[in-house]
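Chemist: how would this look folded up:
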Amino acid sequence: MRTAVVLLFLLAVAAIPGSLFPQRSLTPSAVTRYYRENPELAPVLDRLGMFDVFASPWFSAVYLLLFLSLIGCLVPRCIEHLRALRADPPPVPRHLHRLPVHTTAEVPLPADALAARVEADLRSARFRVSRRDTAAGVELSAERGRVKETGNLVFHLSLLALLAALAGGKLWGYEGSILVTEGDGFCNSFQQ
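Modeler: Numbering: from 1, shown residues only. So this is what the prediction gives:
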């Protein structure tokens, strides 16, 4: 997680020159003007990639490292989450009396009937319930809260899919531009 935060910060810092200097992909005429106005500084900035920040190798390296960090973080978390979803809730602690919030009560119902009633109540409240019959009686353990982690993983997986789609679009897509002059019509042919 720390690596991802550091890489996000580096990505934000690396994007700053893209807003300070004119970019070739957006306004090539502004880059030409910058060359005219700063003939000594412009070639140095161009060698550093300041006029093509988002296509520069150093920006791509930070972006790629962030992408790899996201993959490296998501794969183990998804595997662990799938294991936890299939597993039973953890068993009841042996020494329940050591927990800070616990209580003991006498109930007039038989143990099986009470366990069935509590289990039904927990399931209706959307808890995952595990029932174990032991020599001491019936044990119920329940848990919930998996939706929050599922939502977090779905968000990050969709972000990964979006990044992969953008990379695929840039790699296999087509982009073109055309210069149209104002004035005597759309094309340079004339009628006689």
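Chemist: tell me which stretches of this structure form helices.
Modeler: Using DSSP state H, the helices of the chain run over 2-20, 28-37, 41-47, 57-86, 111-124, 146-172.
Chemist: what pLDDT does the most centrally placed residue in the chain get?
Modeler: When the chain is reduced to its mean C-alpha position, the nearest residue by Cα atoms, centre = their mean turns out to be His156, at 2.9 Å. With respect to pLDDT, His156 has a value of 92.
Chemist: ok, the one 3 residues further on next?
Modeler: According to the per-residue confidence, Leu159 scores 90 in pLDDT.
Chemist: average pLDDT for stretch 136-152?
Modeler: Regarding stretch 136-152, the rounded mean pLDDT is 84.
Chemist: quick one: that stretch to chain centroid distance?
Modeler: The chain centre lies 25 Å from the centre of stretch 136-152; the measure is Cα atoms, centre = their mean, to the nearest Å.
Chemist: how far away is Gly137 from Val92?
Modeler: Counting by Cβ to Cβ, to the nearest Å, the gap from Gly137 to Val92 is 11 Å. The way it works is simple: take the backbone N, C-alpha and C, and place the C-beta from them, glycine included.
Chemist: and the helices of the chain as JSON lines, adding distance to Thr104?
Modeler: As requested, the helices of the chain are exported to JSON lines (distance: least, Cβ to Cβ, whole Å):
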{"stretch": "helix 2-20", "distance to Thr104": "44"}
{"stretch": "helix 28-37", "distance to Thr104": "77"}
{"stretch": "helix 41-47", "distance to Thr104": "74"}
{"stretch": "helix 57-86", "distance to Thr104": "30"}
{"stretch": "helix 111-124", "distance to Thr104": "14"}
{"stretch": "helix 146-172", "distance to Thr104": "29"}
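Chemist: of all those helices, which one is nearest Leu96?
Modeler: Nearest of the helices of the chain to Leu96, taken as Cβ to Cβ: helix 111-124 at 15.0 Å.
Chemist: for that closest one, give the mean pLDDT please.
Modeler: Helix 111-124 comes out with an average pLDDT of 89.
Chemist: check which helices and strands that helix sits against.
Modeler: strand 128-134, strand 137-143 (3 or more Cβ pairs under 8 Å, 6 or more residues apart in numbering; DSSP states H and E).
Chemist: can you pull out the residues in contact with that helix?
Modeler: Helix 111-124 has contacts (Cβ atoms under 8 Å, 6 or more residues apart in numbering) with 107, 109, 129, 131, 137-138, 140, 142.
Chemist: now for Ala87: which residues touch it?
Modeler: The contact partners of Ala87, by Cβ under 8 Å, 6+ apart, come to none.
Chemist: ugh, typo on my part, it should be Leu160
Modeler: Leu160 sits next to 67, 70-71, 74 when contact means Cβ under 8 Å, 6+ apart.
Chemist: tabulate those (JSON lines), appending neighbour count.
Modeler: Converted to JSON lines, the contacts of Leu160 look like this (neighbours: other Cβ atoms under 10 Å):
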{"residue": "Phe67", "neighbour count": "16"}
{"residue": "Leu70", "neighbour count": "17"}
{"residue": "Ile71", "neighbour count": "13"}
{"residue": "Leu74", "neighbour count": "16"}
